[in-house]
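> Need a 3D model of the following:
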Amino acid sequence: MFRNLSILAVFIIGLGICEYYGFIWHNSIFTVGYEVKGLDVSHHQGKIDWKEVKKEGKYDFIFLKATEGKDYVDDRFVYNWREAKKQKFLTGAYHFFSMQSSGMEQATHFKHIVPAQSNSLPPVIDVEITLYHDKKKVRDNLQTMLKELEKTYHKKPIIYVTYATYHTYIEHYFKDYHIWIRDIWKYPSIDKSKWILWQYHNRGRVDGITNFVDINVYSCKLTELQQLK
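A predicted model of the protein is given here:
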């Protein structure tokens, strides 16, 4: 019996090590049946060899961090945008939302940095702010930014959320906008009809990317993602 327990313990520890280093990921089992996968990256991934990423053949779309607040620009954005598009990935950009500046200022900043190209994916606003802000003020600034980006890019922006920010600021509001949910532990617990993107993995290992990378699934078919507005 003790021998069996020791073998089991070694097996569990081995699984834990493999997951920690991104060789396997428990959440992957829940993504069976989702055909369309993609990555989201920023300067944290370092210089990416986009040819190698494409050669791996597993990913259809890429979202790149572009901006944050009213003045920060990700220093890898220009390179990543150019090279990901060169490899024919469906490419979009995201903005890290802040309550240190207005929604209009943030929209203006994003529009100065991210090209308005009809073959790009809709812009994304990443809402990962702390939970103590005035809810109405958050929603008002977010709504302003959403409307401004939609006017420029002619596509409805997507809202990226954690469960905390979704339940605090987004739920029951912004019903016309698609949700991108983060859940790296299990299948999303919010209704499937409410999200179109799911970030299920934060320690992905991908050819051409030295550091860990986030991996996502799209809830529908590739043709629908290509036409997403």
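> Could you check how far the residue nearest the centre of the chain is from Ala84?
Residue closest to the mean C-alpha point of the chain, counted by Cα atoms, centre = their mean, is Asp40 at 4.9 Å. Here Asp40 is placed at a distance of 11 Å from Ala84 (Cβ to Cβ, to the nearest Å). Every residue, glycine included, has its C-beta placed from N, CA and C.
> Need the residues touching each of these two.
Residues touching both Asp40 and Ala84 (Cβ atoms under 8 Å, 6 or more residues apart in numbering): 62, 64.
> any low-confidence regions in the protein?
Low-confidence segments of the chain (pLDDT under 70): 1-25.
> Repeat the analysis, applying 80 as the threshold.
Within the chain, the segments meeting pLDDT under 80 span 1-27.
> At which residues are the helices of it located?
2-20, 50-56, 77-86, 103-113, 135-153, 163-165, 222-226 (DSSP state H).
> what does the fourth one rub up against?
The reference is to helix 103-113. Residues contacting helix 103-113 (Cβ under 8 Å, 6+ apart): 66-67, 69-71, 73, 77, 93, 95, 97-98, 123, 140-146, 148-149, 152.
> what's around Asp176, how many residues?
When neighbours are counted by other Cβ atoms under 10 Å, Asp176 registers 8.
> wait, it sits on Pro157?
No - Asp176 is not in contact with Pro157 according to Cβ atoms under 8 Å; the separation is 10.4 Å.
> before we move on, back to that, sort out which of the contacts of helix 103-113 are buried, if you could.
Buried members of these, counted by 16 or more other Cβ atoms under 10 Å: 66-67, 70, 73, 77, 93, 95, 97-98, 123, 141-142, 144-146, 148-149.
> Could you find the closest non-adjacent residue to the residue nearest to the centre of the chain?
Among residues not flanking Asp40 along the chain, Phe63 sits closest, at 4.3 Å (Cβ to Cβ, 6 or more residues apart in numbering).
> For the one you found, give me its contacts.
Shown in contact with Phe63 (Cβ under 8 Å, 6+ apart): 38-41, 91-94, 121, 124, 216.
> out of the residues you listed, which are inside strands?
Residues of those located in strands (DSSP state E): 38-41, 91-94, 124, 216.
> most neighbours, which of these?
The residue in the ones in strands among the contacts of Phe63 with the most neighbours, by other Cβ under 10 Å, is Tyr94 (28 neighbours).
> sorry, back to before: among the ones in strands among the contacts of Phe63, which one sits closest to Thr210?
For these, the residue nearest Thr210 by Cβ to Cβ is Val41; the value is 11.5 Å.
> Check the gap between that closest one and Tyr34 for me.
20 Å.
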